[in-house]
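Peer 1: Provided below are the primary sequence and the corresponding predicted coordinates.
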Amino acid sequence: MSDTLITIVAIFLAAILMFVFPLLSISERNDDIAELSVQTATAKFVDNARSSGKITMEDYTELVSTINATGNSYDVEMEVKVLDENVGKKSAWTQGTVIGENIYYSIYTSQIIEAIESKANTNGVYTMKEGDIFSVSVKNTNKTLSQTIRSVFYSISGNDTYSIAAQQAGVVTANGSY
């Protein structure tokens, strides 16, 4: 009886070693490739927006379609920190670019998309000016195969865990006005 039990356990362990761990390794490599693709697309989108001073619907749609091509769903968060040129009446400085006196206010994803979609005033373009800070954060919202396998073996669970993410930010170098 004990020889049969040991044989069954050995077959079970061999099956795990032969099938599950290679599957986990391959699925983790797929996540790495997807993350590289997402990072590249995010960097291209941010660099294009920074250098032109504009966020267009075409560029945003290209970003979303590129990252969705990985087979996962993503949450894209954009933020523009707008340099406030009116620093206040109490300031003794005559220009707003003095270090320590720059004040920023933030515009977020929903406001940017709303501005892009209202073509009446913006012609489908959100314009930024030199000195603004533009940042994009992308995270996957679905559980990938490697996350599912890891959660079975390592008991990692929770909705806040993500395995594919990219962040990119930079200072706008050109005025986006026509």
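Peer 2: Perfect, thanks for sending it.
Peer 1: ok, now which ones touch the closest residue to residue 174 other than its chain neighbours?
Peer 2: Leaving aside its sequence neighbours, residue 174 sits nearest to residue 53 (CB to CB, 6 or more residues apart in numbering; 4.3 Å). For glycine as for every other residue, the C-beta is placed from the backbone atoms N, C-alpha and C. Residue 53 sits next to 127, 128, 129, 130, 172, 173, 174, 175, 176, 177 when contact means CB atoms under 8 Å, 6 or more residues apart in numbering.
Peer 1: Next up, phi/psi of residue 53, please.
Peer 2: Per-residue torsions, residue 53: phi 80, psi 10 (degrees, to the nearest 10).
Peer 1: one step back: which one of the contacts of residue 53 has the most neighbours?
Peer 2: residue 128 (27 neighbours; other CB atoms under 10 Å).
Peer 1: Next one, pLDDT for that residue please.
Peer 2: With respect to pLDDT, residue 128 has a value of 92.
Peer 1: so of the contacts of residue 53, which ones are in strands?
Peer 2: residue 127 (DSSP state E).
Peer 1: Can you add distance to residue 6 and give the contacts of residue 53 back as JSON lines?
Peer 2: What follows is the contacts of residue 53, written out as JSON lines (distance: CB to CB, whole Å):
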{"residue": "127", "distance to residue 6": "72"}
{"residue": "128", "distance to residue 6": "68"}
{"residue": "129", "distance to residue 6": "73"}
{"residue": "130", "distance to residue 6": "73"}
{"residue": "172", "distance to residue 6": "67"}
{"residue": "173", "distance to residue 6": "68"}
{"residue": "174", "distance to residue 6": "71"}
{"residue": "175", "distance to residue 6": "75"}
{"residue": "176", "distance to residue 6": "71"}
{"residue": "177", "distance to residue 6": "77"}
